[in-house]
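Participant: please work out how this folds:
(one chain, ligands or ions: 1)
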Amino acid sequence: MDLNPSFLGIALRSLLAIDLWLSKKLGVCAGESSSWGSVRPLMKLLEISGHGIPWLLGTLYCLSRSDSWAGREVLMNLLFSLLLDLLLVALIKGLVRRRRPAHNQMDMFFTLSVDKYSFPSGHATRAALVSRFILNHLVLAIPLRVLVVLWAFILGLSRVMLGRHNVTDVAFGFFLGYMQYSIVDYCWLSPHNAPVLFVLWNQQ
Ligand SMILES: CC(C)=CCC/C(C)=C/COP(=O)(O)O
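Facilitator: From the prediction side, this is the model:
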């Protein structure tokens, strides 16, 4: 037993305790009988809106229908972002191995084996990544831009309300997704730096 815990140790343990307490308090849709159990179906709909499968399939579909080079370039980078996100989240979940909150019901739509772990929230990383991507690459009117940010925020909140995650899983997920966009922006794929990808796609 550590009889002389460092200041950092105490701070981390306190943060963890606050995290668990707050996450339990906010998990108001964790079950049908929870205090906000009646809005659980709505939260599960939100869950699907941030799931990897609809985003991957939607991007592939749009890519197959796109008839402009500019559109194809953006969609190719969105596909790359989504795959990078899945990889990084799976890697961190596998390394950290933090269990989902005890009050979570494991009734999620299509999960991978690492999804039994909760840190970081894959929905939160995707929400931050995709919304930053959309805001930077689609010309949208202000109300739609606000809607995109709101969607990301509510999706993150819904993860805690559903009992899927602790608050820190979602907070770190937002941070990671935000940073992932910076990586994607830095490594932006174009017909100049990745001609093979674009030629291959063009031949399909
Ligand atoms: C199978 C594919 C393509 C994606 C898995 C998406 C998923 C289930 C992520 C887990 O999200 P949370 O960590 O927020 O619970």
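Participant: who in the protein is up against the ligand?
Facilitator: Residues of the chain lying near the ligand by C-beta under 6 Å from any ligand atom: 51-53, 56, 86, 108, 110-112, 115, 121-123, 159, 164. Every residue, glycine included, has its C-beta placed from N, CA and C.
Participant: between those residues, which is closest to Leu26?
Facilitator: Arg159 (9.9 Å; C-beta to C-beta).
Participant: check for me that Arg145 belongs to a helix.
Facilitator: Yes. Under the criterion used here (DSSP: H, G, I helix; E, B strand; the rest coil), Arg145 sits inside a helix.
Participant: do you know how far the closest residue to it other than its chain neighbours is from Tyr186?
Facilitator: With C-beta to C-beta, 6 or more residues apart in numbering as the criterion, Arg145 has its nearest non-adjacent residue at 6.0 Å, and that residue is Leu135. Between Leu135 and Tyr186 the distance, using C-beta to C-beta, to the nearest Å, works out to 17 Å.
Participant: higher neighbour count, these two?
Facilitator: Between Leu135 and Tyr186, Leu135 has the larger neighbour count (other C-beta atoms under 10 Å), namely 15 against 7.
Participant: using PDB, write out the CA atom coordinates for stretch 181-193.
Facilitator: As requested, the backbone C-alpha atoms of stretch 181-193 are provided in PDB (Å, rounded to 0.1, in the frame of the first residue of the first chain):
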ATOM      1  CA  TYR A 181      -8.900  16.200 -37.500                       C
ATOM      2  CA  SER A 182      -5.600  18.100 -37.200                       C
ATOM      3  CA  ILE A 183      -3.700  15.000 -38.200                       C
ATOM      4  CA  VAL A 184      -6.100  14.500 -41.200                       C
ATOM      5  CA  ASP A 185      -5.600  18.100 -42.200                       C
ATOM      6  CA  TYR A 186      -1.900  17.800 -42.000                       C
ATOM      7  CA  CYS A 187      -1.800  14.500 -44.000                       C
ATOM      8  CA  TRP A 188      -4.500  15.700 -46.400                       C
ATOM      9  CA  LEU A 189      -4.700  13.200 -49.300                       C
ATOM     10  CA  SER A 190      -4.900  14.700 -52.800                       C
ATOM     11  CA  PRO A 191      -4.200  13.600 -56.400                       C
ATOM     12  CA  HIS A 192      -0.800  15.200 -56.000                       C
ATOM     13  CA  ASN A 193       0.500  13.400 -52.900                       C
END
